[in-house]
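Novice: Build the 3D model from these lines:
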Amino acid sequence: MQNYLDKIWNDCLTDLEDTISSVGLDLWIKKIKPINIENDTLMFLAPDEMVSNTVVRGYTKPIIDAISKNFKLSKFDFVLDSNKDEYIQKHNLLEQNKDSLPRAITNEEISENPFNPRYTFSNFVVGTTNRVIYAATRAVAENPGSRFNPLFIYGGVGLGKTHLLHAIGNYIWEANKGQIKIVYVSSETFTNELIAAFRPNSDKGTIEFRKKYRMADVLLVDDIQFIANKKSVQEEFFHTFNDLYQAGKQIIIASDRPPKELSELEERLTSRFASGLVQDIQKPDFETRVMIISKKIELEGYTFEESIIPKLAERLEKFNIREIEGVLNKLDLYAKLHGHFIVDEEVMNEVLSKSHELDESVGRVVTEEKIIDAICNKFNIKREDLFGKKRNKELVEPRQICIYLMWRKLNIPLTAIAKLFNRDHTTAIHARDKVIDLMKEDPEVKKMIDDLEDVIVH
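Specialist: Just a heads-up that it's a prediction; the model follows:
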């Protein structure tokens with residue numbers, strides 16, 4: 001059943017790309033996964049309440065439209081990750097399908113290419129900031145296991161790492177007609193499958209897990225940084241890496257940072273990652289942004305006045321590729337809704353001047369209320385408790401994080417923030433410093449705060 005759900009949900013995601021920005025898709029929609037169908041309701045697995053609440057508040061209509069079209073269902077609801085095991089047991093899902101968690105993409109069980117057809121080398125725009133990594137990934141795809149092994153790709157969000165991983169998979173699949181075993185997996189999925197396989201009295205699951213990964217001819221791993229501080233996962237991945245490397249199999253790894261900056265990972269892993277080719281992808285320069293905009297317009301069939309493309313590339317100087325694509329989607333949609341046959345300079349200026357989220361030159365608006373709402377949603381607490389006098393741990397931590405985010409994002413003095421919380425100045429200083437220290441010591445805390453920052457600036 002899970003294979004069916006995942007396949008249809010992928011069709012939904014393709015439809016949602018037309019109505020939801022790439023930023024919204026990556027931040028929220030792709031964090032939920034279909035897990036079951038109850039009557040006429042599609043049940044999603046969500047990591048926490050902040051994700052489920054945000055999806056309901058901001059994306060209900062497009063999701064309903066997509067699941068109505070593809071699943072023939074009229075409603076959706078959520079199972080939180082904290083209640084997942086109870087839900088699976090209650091609904092007998094483990095027996096129906098042992099792979100109810102997100103699964104790695106592998107061509108071992110299917111006859112059709114499992115990789116995203118939109119992510120190919122021909123659709124990847126090559127510029128000065130990514131020319132080297134493009135050449136390296138092409139070389140790996142053409143002769144897997146012979147050059148640049150392992151290949152380690154790193155760079156910020158939305159710069160094309162996942163595109164290149166799928167492009168490699170697509171190329172190898174087509175060149176070998178599915179005869180080479182390719183496995184593509186995120187580190188989160190690798191972790192979930194490992195947990196499921198190594199349950200007590202699950203020897204068969206352990207064998208199948210190791211067979212799946214250690215018998216691969218090509219292994220592509222996305223977001224490797226997320227196995228940080230997970231010792232058992234790192235141990236298993238270390239042995240998987242060694243088995244494949246010694247057998248001359250190709251390994252491609254993507255991360256947000258280079259190996260030397262992955263201090264949360266064991267040194268024996270980072271040293272192996274650095275033993276092949278390590279190459280970054282940078283934000284596109286002006287010429288590359290012009291090419292990206294032109295290519296996206298061509299692929300999507302948009303109608304833009306050619307003279308505005310360089311002006312748009314200039315306006316979007318600080319944007320990554322996904323954000324640029326989101327802007328183009330919004331411009332095209334605005335033009336259609338307002339009776340314009342073409343996106344011209346008038347449409348561009350109208351949309352960009354009204355939308356802070358599109359134009360970083362005017363800054364993304366962050367307010368006290370946005371920060372407070374994000375904190376309350378994340379920690380499931382009431383506003384009055386956040387500002388109240390109670391000092392239990394469930395309230396102290398979100399209060400300290402709220403003080404830190406106000407100090408960092410609003411650029412106002414700690415004395416003013418302390419007054420807002422009815423605390424003295426030294427309490428606010430302690431809260432800020434406490435959060436800074438926690439972020440240095442615990443990558444999970446840093447990731448949580450980075451996620452909160454993403455929420456409050458969008």
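Novice: So for N329, what's the pLDDT?
Specialist: Looking at N329, its pLDDT stands at 82.
Novice: again but with E188, I slipped
Specialist: pLDDT, read off for E188, is 80.
Novice: By mean pLDDT, point me to the weakest helix or strand of the chain.
Specialist: helix 93-96 (a mean of 51; mean pLDDT, DSSP states H and E).
Novice: Look at E235 and report its pLDDT.
Specialist: 92.
Novice: what about it, neighbour count?
Specialist: 14 (other CB atoms under 10 Å). Heads up, the C-betas are built off the backbone N, CA and C, glycines and all.
Novice: What strand or helix carries it?
Specialist: Per DSSP states H and E: E235 is located in helix 231-246.
Novice: Would you pull up how far the next helix-or-strand element following that helix lies from the middle of the chain?
Specialist: Using DSSP H and E, the helix or strand that directly follows helix 231-246 along the chain is strand 250-255. Put simply, strand 250-255 sits 17 Å off its chain's centre (CA atoms, centre = their mean, to the nearest Å).
Novice: residues in contact with strand 250-255?
Specialist: With contact meaning CB atoms under 8 Å, 6 or more residues apart in numbering, strand 250-255 is reached by 137, 140, 144-145, 149-154, 161-162, 164-165, 168, 217-225, 241, 244-245, 262, 273, 276.
Novice: What of stretch 65-85?
Specialist: 8-9, 11-13, 15-16, 19, 32, 35-38, 40-49, 52, 55, 63-64, 87.
Novice: And for stretch 124-143?
Specialist: Contacts for stretch 124-143 (CB under 8 Å, 6+ apart): 121, 147-149, 151, 153, 159-160, 163-164, 167-168, 171-172, 175, 250, 252, 277, 279-285, 287-288, 291-292, 295.
Novice: Where does pLDDT dip in the stretch 351-458 of the chain?
Specialist: Applying pLDDT under 70 to the stretch 351-458 of the chain flags residues 354-366, 411-412, 458.
Novice: With only the CA atoms kept, save the helix or strand where Y334 lies in CSV.
Specialist: Here Y334, judged by DSSP H and E, is contained in helix 321-337. Extracted C-alpha coordinates of helix 321-337, given in CSV (Å, rounded to 0.1, in the frame of the first residue of the first chain):
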residue,chain,number,x,y,z
ILE,A,321,17.6,28.8,-7.4
ARG,A,322,14.5,27.5,-5.7
GLU,A,323,13.6,31.0,-4.6
ILE,A,324,14.1,32.3,-8.1
GLU,A,325,11.8,29.6,-9.5
GLY,A,326,9.2,30.6,-6.8
VAL,A,327,9.4,34.3,-8.0
LEU,A,328,8.8,33.3,-11.6
ASN,A,329,5.8,31.1,-10.6
LYS,A,330,4.3,34.0,-8.7
LEU,A,331,4.9,36.5,-11.5
ASP,A,332,3.3,34.2,-14.1
LEU,A,333,0.3,33.6,-11.8
TYR,A,334,-0.2,37.3,-11.1
ALA,A,335,-0.1,38.1,-14.8
LYS,A,336,-2.7,35.5,-15.6
LEU,A,337,-5.0,36.5,-12.7
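Novice: which of the residues in it are buried?
Specialist: For helix 321-337, burial by neighbour count (16 or more other CB atoms under 10 Å) applies to 321-335.
Novice: And for stretch 276-288?
Specialist: Those would be G276, L277, V278, Q279, D280, I281, K283, P284, T288, for stretch 276-288 by 16+ other CB under 10 Å.
Novice: Give me the contact list for that stretch.
Specialist: 125, 127-130, 132-133, 136, 148-156, 159-161, 164, 251, 258-259, 292, 313-314, 317-321, 324.
Novice: and it, how far out from the chain's middle?
Specialist: 19 Å.
Novice: now the end-to-end length of it.
Specialist: 27 Å (CA to CA, to the nearest Å).
Novice: Please apply the same query to stretch 219-236.
Specialist: 14 Å.
Novice: Show me the longest helix that occurs in this protein.
Specialist: Counting residues, the longest helix in the chain under DSSP state H turns out to be helix 49-70.
Novice: Dump stretch 437-445 to CSV, restricted to CA.
Specialist: The C-alpha trace of stretch 437-445 is given here as CSV (Å, rounded to 0.1, in the frame of the first residue of the first chain):
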residue,chain,number,x,y,z
ASP,A,437,25.9,28.1,23.9
LEU,A,438,23.2,25.4,23.2
MET,A,439,23.5,26.0,19.5
LYS,A,440,27.2,25.5,19.6
GLU,A,441,26.9,22.3,21.7
ASP,A,442,23.9,20.7,20.2
PRO,A,443,23.3,20.6,16.4
GLU,A,444,19.7,19.6,16.9
VAL,A,445,19.1,22.9,18.8
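Novice: Now that stretch: buried residues?
Specialist: L438, M439, P443, V445.
Novice: now the second one, nearest residue through space, not along the chain?
Specialist: In space, not counting the residues next to it along the chain, M439 is nearest to K446; the distance is 4.3 Å by CB to CB, 6 or more residues apart in numbering.
Novice: coming back round to it: helices and strands around the helix holding E235, which ones?
Specialist: Under the contact criterion of 3 or more CB pairs under 8 Å, 6 or more residues apart in numbering; DSSP states H and E, helix 231-246 touches helix 187-197, helix 203-214, strand 250-255, helix 267-273.
Novice: and the direction of the third one versus that of helix 187-197, what angle?
Specialist: So that's strand 250-255. Interaxial angle, strand 250-255 versus helix 187-197 (axes from the mean of the first three to the mean of the last three CA atoms, to 10 degrees): 110 degrees.
Novice: Pairing partners for strand 250-255, with directions?
Specialist: Applying DSSP bridges, strand 250-255 is found paired with strand 151-154 (parallel), strand 218-222 (parallel).
Novice: Give me the contacts around the last one.
Specialist: Surrounding strand 218-222, the residues in contact under the criterion CB under 8 Å, 6+ apart are 144-145, 161-162, 165, 168-169, 172, 180-187, 190, 213, 240, 244, 249-254.
Novice: Where do the strands of the chain begin and end?
Specialist: For the chain, the strands defined by DSSP state E occupy 33-38, 41-46, 75-80, 105-106, 151-154, 182-186, 218-222, 250-255, 277-280.
Novice: Among those, which one carries the weakest average confidence?
Specialist: strand 105-106 has the lowest average pLDDT among these, namely a mean of 69.
Novice: Which residue, other than its chain neighbours, is closest to L151?
Specialist: Counting by CB to CB, 6+ apart, the residue nearest L151 is I252, at 4.7 Å.
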